[in-house]
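> just a sequence and a predicted model for now, questions to come.
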Amino acid sequence: MNGPASLLRIVQDPLWLPHRYDPGHDALHFRAVSREQHRAATFLTDEYLGPAEPVVLRRRDVMAAMPGTAPLHFIFHSAFCCSTVLARAFDVPGVAMGLKEPVLLNDLVGWQHRGGTAAQIAPVLDAALDLLARPFALGEAVIIKPSNVTNGLAPGMMTMRPEARGLLLHCPLRVYLASIVKKGMTGRLWVRDLLVKQLREGLHNFGFSGEDYLGQTDLQVAAMGWLAQHALFTTMIRHFPGRLRSIDSEALMADPRAAMTALAVLYGVKVDAAAIVAGPAFTTHSKFGNDFNRSDRAAEVRNATDGHADEIEKVAIWTEAVAQAADVPMVLPAALLG
C-alpha cells in the first residue's frame, strides 16, 4: 500500500471485496471484483474468481476508514437447495446485490476450529459484516448468502445486526439425500467433513457418540448433518421472532414469483418478481450457465434417486424417528409462504 490515500480508496470502494482474513496478523486481504465478476462467479472463491494478488491491510486501519453501510440481510441454507439461485436473483442494480458465499466468513469458521475464541472472533465478524455491507450503488441493500459451513455463526450475525432479516432455506430430506447420491464419492466425503465441523461446534445433540457416527452409513451421516442444521434453524426462529422466515427448495421452485414477492417484503426492497423469475437466475443453471428450469431440476432429482430409492427411504424414516426423539420438527415453522 502507498499510504492513507490508497487505503481510503480501497476501503471506500465496494469493488474491493474483503476476501480473506489472517488472524495471525489481524489483517484483511482485499481483491478487486467488479459487479460483472460477481455476477459470473458461482461463488466468491479463487476457483471461480481466478487468481489475483491481494492487497493486505491491517484491520484497525481498515475500520478507521470505513464508510457508511447498506441495509444487510441473509440467506442461510443447508446446501443443495437453490440458495445460489436466490443470491443471483437479488443482483438488481439500484435495489440490491447478492453476495455468494464470501470466503471471509469461512475463514472465521476455520479460525474457530483451530482454537479461536468467541471473544476473538466476534469483533472480526462484526468488521466483516460492515465491509461486506458496502453498497455497490446508492440505495442498494446487500443480501449475503454465507456458505452452509458458517451456519454456526448465523445466530451471532443476526445478533450483531438487529435490523437484518433472514431466510432459512433447505431441501426436504429426501431431496437432500438424492443430491448427495448424485454427487457420488464427492458428496459422501462432503457430508462426513460437514459432520466433523458440526461436531466441533457442538451442533449435534442427538445422543450419538463419535463411534456411533463411524458405524453409520454415508447417507445416515448426511441425514444427521441435515437434521443438525434443522435444529439450529428451529432455535434461531425461536430466538429471533419475526426476523426469520423459512422455505424449502421444492416450495420455492413451485412458486418462485410468490417467493420472490414475499422475500422482497421481508428484506424491505422493491423488485419486479415476474421479471426476475423470467430472467437468468431462474432459467439457467447457477453453476454451469446452461438453460435449466424447474422441470430439469426435478428430472435431476429423479435420476439421482434411481437405484438408491430404498436406501434413501429407509434413512429418511430412521431420521424422522431421531428427530421425534430429539424434538426437532421435520417442517420448519415461520413459513415464508403461508
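Cool, the structure landed.
> give me the below-cutoff pLDDT ranges for the stretch 151-300 of the chain.
Scanning the stretch 151-300 of the chain with the threshold set as pLDDT under 70 gives 289, 291.
> which residue ranges form the strands in it?
For the stretch 151-300 of the chain, the strands defined by DSSP state E, counting those that start in this stretch occupy 166-170, 244-248.
> check those strands for me and report the most buried one.
strand 166-170 (a mean of 26; mean count of other CB atoms under 10 Å). For glycine as for every other residue, the C-beta is placed from the backbone atoms N, C-alpha and C.
> pairing partners for that one, with directions?
When sheet partners are counted by DSSP bridges, strand 166-170 sits next to strand 72-77 (parallel), strand 244-248 (parallel).
> can you redo those as CSV with distance to Gly268?
CSV is the format used below for those (distance: least, CB to CB, whole Å):
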stretch, distance to Gly268
strand 72-77, 8
strand 244-248, 13
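> out of those, nearest to Ala133?
In this view, the strands paired with strand 166-170 are compared for proximity to Ala133 by CB to CB, and strand 72-77 is the closest at 4.3 Å.
> let me see the mean pLDDT of the closest one.
Confidence over strand 72-77 (mean pLDDT, whole number) is 98.
> how far does the next helix or strand after that strand sit from the chain's center?
Later in the chain than strand 72-77, the nearest helix or strand by DSSP states H and E is helix 83-89. Helix 83-89 has its C-alpha centroid displaced from the chain centroid by 10 Å (CA atoms, centre = their mean, to the nearest Å).
> and the helix or strand just after helix 83-89, how far from the chain's centre?
Heading C-terminal from helix 83-89, the first helix or strand you meet, by DSSP H and E, is strand 96-100. Once both centres are worked out by CA atoms, centre = their mean, strand 96-100 turns out to sit 11 Å from its chain's centre.
> output the contacting helices and strands for strand 96-100.
Using 3 or more CB pairs under 8 Å, 6 or more residues apart in numbering; DSSP states H and E, the elements in contact with strand 96-100 are helix 35-40, helix 83-89, strand 141-145.
> so for Gly24, which of the ones you listed sits nearest?
Taking CB to CB as the criterion, strand 141-145 is the member of the helices and strands packed on strand 96-100 that comes nearest to Gly24, at 25.3 Å.
> tell me the strands beside that closest one, with direction?
Paired neighbours of strand 141-145 in the sheet (DSSP bridges): strand 72-77 (parallel), strand 96-100 (parallel).
> for Ala41, find the nearest of these.
Closest of these to Ala41 is strand 96-100, at 6.9 Å (criterion: CB to CB).
> what does the closest one contact?
Here strand 96-100 makes contact (CB atoms under 8 Å, 6 or more residues apart in numbering) with 35, 38, 41-44, 75, 84, 86-91, 132, 135-136, 140-145, 267, 269, 271.
> next one: stretch 17-31
The contact list for stretch 17-31, computed with CB under 8 Å, 6+ apart, reads 10, 16, 32-33, 44, 49, 52-60, 62, 102-104, 107-108, 111, 116, 120, 124, 127-128, 131-132.
> what about it, start to end distance?
Using CA to CA, to the nearest Å, one end of stretch 17-31 lies 5 Å from the other.
> among the contacts of stretch 17-31, which are located in strands?
Secondary structure defined by DSSP state E assigns 16, 32, 55-58 of these to strands.
> list only buried entries from those.
16, 55, 57 (16 or more other CB atoms under 10 Å).
> make CSV out of those residues and add distance to His239 and pLDDT.
Conversion of these to CSV gives the following (distance: CB to CB, whole Å; pLDDT from 0 to 100):
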residue, distance to His239, pLDDT
Trp16, 34, 97
Val55, 37, 95
Leu57, 34, 96
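> identify, from those, the entry nearest to Ala304.
For these, the nearest to Ala304 is Trp16 (39.9 Å; CB to CB).
> the strands paired with strand 166-170: which one's closest to His204?
Shortest distance between His204 and those, using CB to CB, is found for strand 72-77: 18.1 Å.
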